[in-house]
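In: Let me see the structure of the following:
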Amino acid sequence: MTSSLFPAFIKVEYHSAYAPHIMLLPTREIDIDAGTPEDSTILAWDDSQINWVTMVTALITEMLPLFTITVNFDRATLFNVPELEADPQPISNATIDLPGSDASPTYSQAVQLTATWRTSLFGISKLVLLDMESSGSFDKIISLSGQPALTAINDEWVADTNGWAGRDNGQPNVFISATKTLNEKLRRAYHQA
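Out: Okay, the predicted model is just below:
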């Protein structure tokens, strides 16, 4: 199984009150619109095509309840990786400008959520969210039951009508777990004890 961003990915830039962050989200192949790059599309798992900005905006929108209102998702960039060992080629940029929606936060500084799925090729697919709202609990989540925000993210991440992929190029399809921890690298950067 490979572990790369081939054949394409979307880089999402966001920031909290504490620091800027980046997410790299692997996708299936892209159909590049050279004349209007923002109209480039991604091959969905049902073999349809979906506009890349539409796809990433829908996923980020479902993440917003997990972040405080001091977090903002700023922009996204679509990258093509034409060959397995090739350097990524930027194709298009989009302004996202979506703020978190949790107005009653508990604790978020250096909190990391790692959500994990099994892929159709039996690999692992992960989403890592930084400076996210802890909701006062660091219990491991092994079921989507009673987890409306994670369920909404799951529905976007595994949908046949989207083109999200694991780094093994398989389709994310079975939720495994989500864990919340304090990211030690961020704690040091934030000068926390």
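In: Show me the contact partners of the host helix or strand of Thr116.
Out: Secondary structure assigned from DSSP states H and E places Thr116 in strand 111-119. Applying C-beta atoms under 8 Å, 6 or more residues apart in numbering, the contact partners of strand 111-119 are 66, 124-134, 150, 153-154, 157-158, 165-166, 168, 170-183, 186. Any C-beta I mention is one placed from the backbone N, CA and C, and that applies to glycine too.
In: just how off-centre is it within its chain?
Out: Mean-position distance between strand 111-119 and its chain equals 10 Å (C-alpha atoms, centre = their mean, to the nearest Å).
In: Okay, now the sheet partners of it, with direction.
Out: strand 124-130 (antiparallel), strand 172-182 (antiparallel) (DSSP bridges).
In: most tightly surrounded among those strands?
Out: strand 124-130 (a mean of 19; mean count of other C-beta atoms under 10 Å).
In: Helices of this structure, start to end?
Out: For the chain, the helices defined by DSSP state H occupy 52-63, 148-158, 184-189.
In: per-residue confidence averaged over stretch 38-46?
Out: Averaged over stretch 38-46, pLDDT sits at 98.
In: looking at the helices of the chain, which one has the lowest mean pLDDT?
Out: helix 184-189 (a mean of 93).
In: And Leu59, how far from Ser16?
Out: 18 Å (C-beta to C-beta, to the nearest Å).
In: Likewise for Gln192?
Out: Distance from Gln192 to Ser16, by C-beta to C-beta: 14 Å.
In: repeat for Asn93
Out: 21 Å.
In: Comparing those two, which residue is more hemmed in?
Out: Ser16 (21 against 14; other C-beta atoms under 10 Å).
In: Many thanks, have a good one.
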